[in-house]
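Student: Below is the structure, and that's it, no one-letter string:
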C-alpha cells in the first residue's frame, strides 16, 4: 500500500514537472490583412500549435508557420515550416506539432488576404513542453529513447491531457458558433415575419380603400 501511494505521488510530481506552458488567444483577422505572432523558443522543446476559425465566411484561413532565425541574427529569408489553407469543414482543429532543433524566433501567421469583405475570428493555442533527458549537444537524439518508464508514463498522460483540452476547446467553440447561427436565424425569421405582416396589412387596407372608392364612384354615376 505504501509503495502504491509513493508511485502515485511520484507520477503526480512528474506531471507537475512536465506540465506544458499553454498560451491561448482569440483574434479577428480583417479582410485583406495578415496577423503574425512571434516568440523566442529554446531548442529541444516540443512545440504544438492548434487553431480554429470560429466565425467568418467559409471558416477558412491561410496558416503559415516559419522559423525566422536566431534572435541576434534573424534570417533575411525565413525558413517556412508549414503552410496550409485551413477549412473548418475538416471537422477538426488545425494542428502543427514539432520538436524544435534550433533555438530562435518562430512565427505563426494567419493570412486573410484572399477575403475581400469578410473578417475571420480565429482561436489558437500554443503549447510548449520540455523534453526530458536530452543531451543539449545532440540534435539527432530521440528523447523517447532516454526517458525512464515513469517519466514516459507522465509524458504520455500529459500529452493526452493536452489533446483532450484542445478538443474540448474545439467543441466549445463549435457550440458557440452554432448558438450564434441559431440566434441569427431566429432574428431573421422574426423580422421576415414582421415584414410579411406589414405587407399583408398594407395590401388589406389598400383593397378596402379601393373597393370603397369603387362603390362611391358607382353611386355617383347612378
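Tutor: Ah, there it is. None of the values given here were measured: they were computed from a predicted structure.

Student: From here on, just use CA atoms for contacts and neighbour counts.
Tutor: Will do.

Student: Strands of the chain, start to end?
Tutor: 21-29, 34-41, 45-55, 60-69, 79-87, 94-99, 104-111, 120-130 (DSSP state E).

Student: Pipe those strands into a markdown table and attach mean pLDDT, mean neighbour count and distance to residue 176 per row.
Tutor: Listed next are these as a markdown table, based on pLDDT from 0 to 100; neighbours: other CA atoms under 10 Å; distance: least, CA to CA, whole Å:
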| stretch | mean pLDDT | mean neighbour count | distance to residue 176 |
| --- | --- | --- | --- |
| strand 21-29 | 76 | 13 | 13 |
| strand 34-41 | 90 | 13 | 23 |
| strand 45-55 | 85 | 21 | 8 |
| strand 60-69 | 91 | 20 | 17 |
| strand 79-87 | 88 | 14 | 18 |
| strand 94-99 | 86 | 14 | 18 |
| strand 104-111 | 92 | 20 | 21 |
| strand 120-130 | 83 | 19 | 12 |
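
Student: Output those in TSV, with distance to residue 200 appended to each entry.
Tutor: Output for the strands of the chain, formatted as TSV (distance: least, CA to CA, whole Å):
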stretch	distance to residue 200
strand 21-29	42
strand 34-41	48
strand 45-55	36
strand 60-69	41
strand 79-87	43
strand 94-99	49
strand 104-111	47
strand 120-130	39
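
Student: Among these, which comes closest to residue 195?
Tutor: The minimum distance between residue 195 and those falls on strand 45-55, with 27.9 Å, by CA to CA.

Student: and that closest one, how far from the chain's centre?
Tutor: Distance, stretch centre to chain centre, for strand 45-55: 6 Å (CA atoms, centre = their mean, to the nearest Å).
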